[in-house]
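**Q** Sequence and computational prediction follow.
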Amino acid sequence: MVRVGLVHGFVLTAALSSFGCAVGPNYSRPELMPPQQFRFDEKVAQAETLADAPWWQVFDDPTLQALIREAITHNLDLKVAAARVEEARARAGIAKSFLYPQVDGLANYTFRQASGSSDLRNEDGTHGTGVYGFQLSWELDLFGRLRKGQEAALALLLASDHGRRGVLITLVGDVASNYFLLQELDVQLEIARQTLRLNDETVTYFRNRLDGGVSNRLELDRIQANRALTAAAIPQLQQQIAIVENLLSLLAGRAPGAIGRMQGLGDLAPSIPPGLPASLLERRPDVAQAEQLLVAANADIGAAKALFYPTINLTGFLGGVSGDLNNFLGGGGGVWSVGAGLLQPIFQAGRIRRNLEAMQARYDAALAEYQKAALNSYREVANALVTIQKLAEVRVEQQTGVVALQDASELSRARYDAGLASYIEILTADQDLFQQQMLLAQTRGAELRARAELYRTLGGGWRP
């Protein structure tokens with residue numbers, strides 16, 4: 001009957017603990033008032049969004065897709081982020097465990113000696129006592145301190161998982177951007193090599209004219225200097241290519257080495273509406289992570305407020321006692337005990353109140369970080385949109401300039417052969433054409449990187 005009553009008592013206290021009054025505010029998402037549409041986005045109705053497409057459809061390049069998959073599998077930063085998620089999951093489990101009773105096995109045997117005593121059992125004046133059994137302890141969470149702690153730990157787990165997604169987004173975006181940069185550098189290197197071949201032909205042409213007595217040394221020197229300027233650009237581009245390849249190797253989790261890629265920059269993807277600004281609150285992992293940190297800070301306020309209220313602990317013991325070491329577990333008698341304790345803070349020199357003030361200040365900081373993350377997400381998408389739009393306009397003008405300068409280069413040679421122009425026209429036309437071709441390749445690469453950046457800022461479609 002005693003044990004049954006003990007069980008019934010713990011069931012009753014468990015019910016009281018479960019339905020206790022948790023102090024502190026309940027979390028509600030703050031109002032952020034997102035803009036109705038992005039700046040430089042002319043589409044009001046945006047039923048379709050770029051963020052809904054998976055990355056392997058947006059980046060329709062098998063070589064790039066293979067590189068991204070390799071990075072997702074082997075990148076070390078992503079492995080660190082995954083390990084932190086597992087750590088946060090374990091800590092959430094620890095916080096949850098405090099809601100349940102703690103049961104410990106107990107066994108000890110003590111020898112005592114009292115010299116001069118007349119009632120000692122043994123002639124040598126020693127007495128042994130052994131106790132064994134199970135000890136139970138339980139804190140009743142009547143005011144929600146433990147439940148708020150579990151809520152905070154769960155929010156930190158979710159924040160950690162959103163952080164892992166943020167690392168994944170950054171990783172895929174970095175791989176795509178550097179891959180496009182590599183293609184851009186390849187195009188610029190090919191332009192430099194083609195221009196160098198043209199410069200070599202021009203140097204040969206003017207050297208033959210000098211040898212034939214129809215030209216002068218000044219013309220040849222200027223042409224050779226222009227050729228050296230083009231040749232110097234080639235090792236610089238090769239150096240940049242090697243550096244980008246080494247960075248991509250690091251992102252892919254392998255030793256520095258060559259990176260396979262498709263040649264050329266390819267056609268740009270069609271323009272796709274980016275989606276409504278409000279959707280960023282759900283898609284962007286950094287915004288979601290900031291909100292979960294806000295949830296955790298809100299729960300910490302409740303846990304801090306619960307410290308003002310009494311703490312009630314239940315203890316119980318069920319076991320046996322023995323005075324014979326040789327028959328420790330089989331002799332003696334049984335023993336059980338049940339106890340309850342209450343601790344009410346009276347004077348803490350303001351420590352509990354200051355702790356509450358610290359938690360409230362932490363919540364205010366988390367709220368500001370959440371608002372900042374949301375505003376920053378709007379800013380990044382707006383920047384990506386205007387960058388794509390303006391780079392497209394720049395590219396059109398640069399393409400027109402390249403066509404015109406190619407014609408000018410051919411005309412300058414024909415005019416020189418006809419005696420209607422000096423070698424300066426050839427020199428200037430070649431230099432201008434080379435620079436304009438390099439700028440066009442740079443703009444086309446920047447356009448592709450801007451589309452990858454837009455996809456990253458929208459926070460969607462990155463799951464493999």
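**A** Right, received. Where do you want to start?

**Q** With only the CA atoms kept, save stretch 199-219 in PDB.
**A** This file holds the C-alpha atoms of stretch 199-219, laid out as PDB (Å, rounded to 0.1, in the frame of the first residue of the first chain):
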ATOM      1  CA  ASN A 199      49.900  41.900 -82.700                       C
ATOM      2  CA  ASP A 200      52.600  39.400 -83.800                       C
ATOM      3  CA  GLU A 201      51.300  39.700 -87.400                       C
ATOM      4  CA  THR A 202      51.400  43.500 -87.100                       C
ATOM      5  CA  VAL A 203      55.000  43.400 -85.700                       C
ATOM      6  CA  THR A 204      56.100  41.100 -88.600                       C
ATOM      7  CA  TYR A 205      54.400  43.400 -91.100                       C
ATOM      8  CA  PHE A 206      56.200  46.600 -89.800                       C
ATOM      9  CA  ARG A 207      59.500  44.800 -89.500                       C
ATOM     10  CA  ASN A 208      59.300  43.700 -93.100                       C
ATOM     11  CA  ARG A 209      58.500  47.300 -94.100                       C
ATOM     12  CA  LEU A 210      61.500  48.500 -92.000                       C
ATOM     13  CA  ASP A 211      63.700  46.000 -93.700                       C
ATOM     14  CA  GLY A 212      62.400  47.100 -97.100                       C
ATOM     15  CA  GLY A 213      63.100  50.800 -96.300                       C
ATOM     16  CA  VAL A 214      59.500  51.900 -96.500                       C
ATOM     17  CA  SER A 215      59.000  52.400 -92.700                       C
ATOM     18  CA  ASN A 216      61.000  53.700 -89.700                       C
ATOM     19  CA  ARG A 217      62.200  52.400 -86.400                       C
ATOM     20  CA  LEU A 218      59.700  54.500 -84.400                       C
ATOM     21  CA  GLU A 219      56.700  52.700 -85.900                       C
END
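
**Q** So what touches that stretch?
**A** L220, I223, Q224, N226, R227, T230, A231, Y423, I426, D430 (Cβ atoms under 8 Å, 6 or more residues apart in numbering). (C-beta placed from N, C-alpha, C; glycine too.)

**Q** Sort out which residues of that stretch are buried, please.
**A** N199, T202, V203, Y205, F206, S215, E219 (16 or more other Cβ atoms under 10 Å).

**Q** Which one of those residues is nearest to D407?
**A** Distance to D407 across the buried residues of stretch 199-219 (Cβ to Cβ) is lowest for T202, with 17.1 Å.

**Q** Following element in sequence after the host helix or strand of the closest one, please.
**A** Per DSSP states H and E, T202 falls inside helix 145-211. On the C-terminal side of helix 145-211, the closest following helix or strand by DSSP H and E is helix 217-251.

**Q** and the angle from that following helix to helix 145-211?
**A** Per axes from the mean of the first three to the mean of the last three Cα atoms, to 10 degrees, the angle that helix 217-251 makes with helix 145-211 is 160 degrees.

**Q** Just the mean pLDDT for helix 217-251, thanks.
**A** Averaged over helix 217-251, pLDDT sits at 93.

**Q** Next, the buried residues of that helix.
**A** For helix 217-251, by 16+ other Cβ under 10 Å, it's 219-220, 223, 226-227, 230, 233, 237, 240-241, 244-245, 247-251.

**Q** Now find how far off-centre the helix holding T202 is within its chain.
**A** Centroid separation between helix 145-211 and its chain, computed with Cα atoms, centre = their mean, to the nearest Å, is 18 Å.

**Q** Check stretch 396-406 too.
**A** The answer for stretch 396-406 is 41 Å, by Cα atoms, centre = their mean.

**Q** swap in stretch 78-90?
**A** 12 Å.

**Q** who's in contact with G24?
**A** G144, K148, N298, A299, I301, G302, A303, A304, K305, A306.

**Q** Could you check the angle the longest strand along the chain makes with helix 145-211?
**A** The strand spanning the most residues in the chain, taking DSSP state E as the definition, is strand 126-140. Relative orientation of strand 126-140 and helix 145-211, computed by the same axes, to 10 degrees: 70 degrees.

**Q** mind listing what's buried in strand 126-140?
**A** For strand 126-140, burial by neighbour count (16+ other Cβ under 10 Å) applies to H127, G130, V131, Y132, G133, L136, W138, E139, L140.

**Q** Which of these sits closest to T311?
**A** Among these, and counting by Cβ to Cβ, the member closest to T311 is E139, at 6.5 Å.

**Q** Return the distance of that closest one relative to G149.
**A** 11 Å (Cβ to Cβ, to the nearest Å).

**Q** What of V80?
**A** 26 Å.

**Q** got it, and G213?
**A** Per Cβ to Cβ, G213 is found 95 Å from G149.

**Q** I72 now?
**A** I72 is 34 Å from G149, where distance means Cβ to Cβ.

**Q** Ok, L433 next?
**A** According to Cβ to Cβ, L433 and G149 sit 69 Å apart.

**Q** T315: what secondary structure?
**A** The three-state assignment at T315 reads strand, by DSSP: H, G, I helix; E, B strand; the rest coil.

**Q** Confirm for me that it is in contact with G339.
**A** Yes: assessed by Cβ atoms under 8 Å, T315 is found in contact with G339 at 4.5 Å.

**Q** Comparing those two, which shows the higher neighbour count?
**A** Neighbour totals were compared for T315 and G339, and T315 leads with 15 against 10 (other Cβ atoms under 10 Å).

**Q** Could you pull out the helices in this structure for me?
**A** 2-18, 55-58, 62-74, 76-97, 145-211, 217-251, 280-283, 285-306, 351-417, 423-458 (DSSP state H).

**Q** among those helices, which is the most enclosed?
**A** helix 285-306 (a mean of 23; mean count of other Cβ atoms under 10 Å).

**Q** Looking at the buried residues of strand 126-140, which is nearest V172?
**A** Nearest member of the buried residues of strand 126-140 to V172, counting by Cβ to Cβ, is E139, at 45.6 Å.

**Q** Just list the residues touching that closest one, thanks.
**A** Contacts of E139 (Cβ under 8 Å, 6+ apart): F98, L146, T311, I312, N313, L314.

**Q** How many residues are close by the fifth one?
**A** When neighbours are counted by other Cβ under 10 Å, N313 registers 13.

**Q** How about it, nearest residue that isn't a chain neighbour?
**A** Of all residues not flanking N313 in the chain, G341 sits nearest, at 4.8 Å (Cβ to Cβ, 6 or more residues apart in numbering).

**Q** so what's the one you found up against?
**A** Counting by Cβ under 8 Å, 6+ apart, G341 makes contact with I312, N313, T315.

**Q** mind putting the residues you listed in a markdown table, distance to L448 and pLDDT included?
**A** A markdown table is the format used below for these (distance: Cβ to Cβ, whole Å; pLDDT from 0 to 100):
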| residue | distance to L448 | pLDDT |
| --- | --- | --- |
| I312 | 64 | 86 |
| N313 | 64 | 86 |
| T315 | 68 | 87 |
